[in-house]
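Peer 1: Show me how the following folds:
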Amino acid sequence: MKDLKNIFKVIKPFINKYTIVIGIFTAIMLLGKYSLVKRIELSNSVSELENEKARLETSIKKAKHELELLNNNKYNLERLAREKYLMRKENEDIFLIEEDCDNSTDTSPYEEDQK
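Peer 2: Numbers count the residues shown, from 1 in each chain. Now for the predicted structure:
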């Protein structure tokens with residue numbers, strides 16, 4: 001009880017209408033709907049979304065380039081069909097060779113053999 005009285009005696013000269021208003025304003029800025037904490041969180045979220053947007057835009061450019069290559073060159077379309085979808089001609093045999101990921105230098109694990 002004596003400790004509370006001593007603390008109140010120390011704080012009493014600083015309690016006036018200005019410190020109360022400043023305290024309420026600070027509480028509103030830290031805990032309100034439009035608080036500083038929420039503003040920082042939203043700013044971080046915006047920067048993450050902008051990074052995602054840039055990554056997706058580069059992905060779209062890459063996909064458009066691949067689509068252009070596939071539309072302009074029959075060989076690229078045939079290569080994609082063989083590698084990705086394992087399509088083949090009637091007189092062909094396809095051999096799938098699985099390699100260890102550590103020793104593999106190819107980007108595709110599939111290898112075709114024409115007869």
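
Peer 1: Quick one: the strands in the chain, in order.
Peer 2: Assigned by DSSP state E, the chain shows strands spanning 93-96, 110-113.

Peer 1: Leaving out the residues flanking it, which one is nearest to residue 36?
Peer 2: residue 29 (5.5 Å; C-beta to C-beta, 6 or more residues apart in numbering). Any C-beta I mention is one placed from the backbone N, CA and C, and that applies to glycine too.

Peer 1: Touching, that neighbour and residue 39? I think so.
Peer 2: No - Residue 29 lies out of contact with residue 39 (C-beta atoms under 8 Å); the separation is 9.7 Å.

Peer 1: Show the pLDDT at residue 51.
Peer 2: Residue 51 is assigned 97 on the pLDDT scale.

Peer 1: now it: how far from residue 25?
Peer 2: The spacing between residue 51 and residue 25, counted by C-beta to C-beta, to the nearest Å, is 35 Å.

Peer 1: Same check on residue 50?
Peer 2: Here residue 50 is placed at a distance of 32 Å from residue 25 (C-beta to C-beta).

Peer 1: again with residue 4
Peer 2: 27 Å.

Peer 1: again with residue 54
Peer 2: 38 Å.

Peer 1: any idea which residue sits dead centre in the protein?
Peer 2: residue 52 (5.0 Å; C-alpha atoms, centre = their mean).
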